[in-house]
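Asks: Got a predicted structure plus its sequence, pasted below:
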Amino acid sequence: MLSNKRIQELELVMEFEKVEECFKEVSSWIENVGRKRLKETINLDDSLEMLLQARKQFREFDLVASEYCRRGQEALKKMDRWEDFSSVDVQSYRVKLQSYKDQLEEFCTQLDENRHRICETVRLYEFFDKVR
């Protein structure tokens, strides 16, 4: 049984190394592109016209960002089996996996929050524009 468990752990490590390329690509995009673009959407302009332009640009970014989030989540799903292993040999990989998971969750949450904030701000400005 110990031998089988050890073989499973080794197979898992080999699988992790294959999936890690996807993690690294997603992580790199989040750090080098995604976070910068999200920061650009923090300060929205004061006119409806500029807000609509910002929403359009955000939607284009959102399509790409959502694809990276989806790819990251799929890669994480492949690694769900890690939960069953607790040996010291696997621990360093679990730490890496948790780091990727935390980064992805944080970015996806910020993306959702910005999407919601932009939509609500545009709706509010459209409402006030109609009231005038």
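Replies: It's in. Numbering: from 1, shown residues only.
Asks: Next, the contact list for residue 37, please.
Replies: For residue 37, the contact set (C-beta atoms under 8 Å, 6 or more residues apart in numbering) comprises 61, 65. (Each C-beta comes from the backbone N, C-alpha and C, glycine too.)
Asks: switch the cut-off to 10 Å
Replies: By C-beta atoms under 10 Å, 6 or more residues apart in numbering, the contact set of residue 37 is 57-58, 60-62, 64-65, 111, 114.
Asks: As CSV, those with distance to residue 42 and secondary structure would be great.
Replies: Shown next, in CSV, are those (distance: C-beta to C-beta, whole Å; DSSP: H, G, I helix; E, B strand; the rest coil):
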residue, distance to residue 42, secondary structure
57, 14, helix
58, 11, helix
60, 18, helix
61, 13, helix
62, 15, helix
64, 19, helix
65, 15, helix
111, 13, helix
114, 8, helix
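Asks: From those, list the buried ones, please.
Replies: The neighbour count (16 or more other C-beta atoms under 10 Å) marks 58, 61-62, 65, 111, 114 as buried among these.
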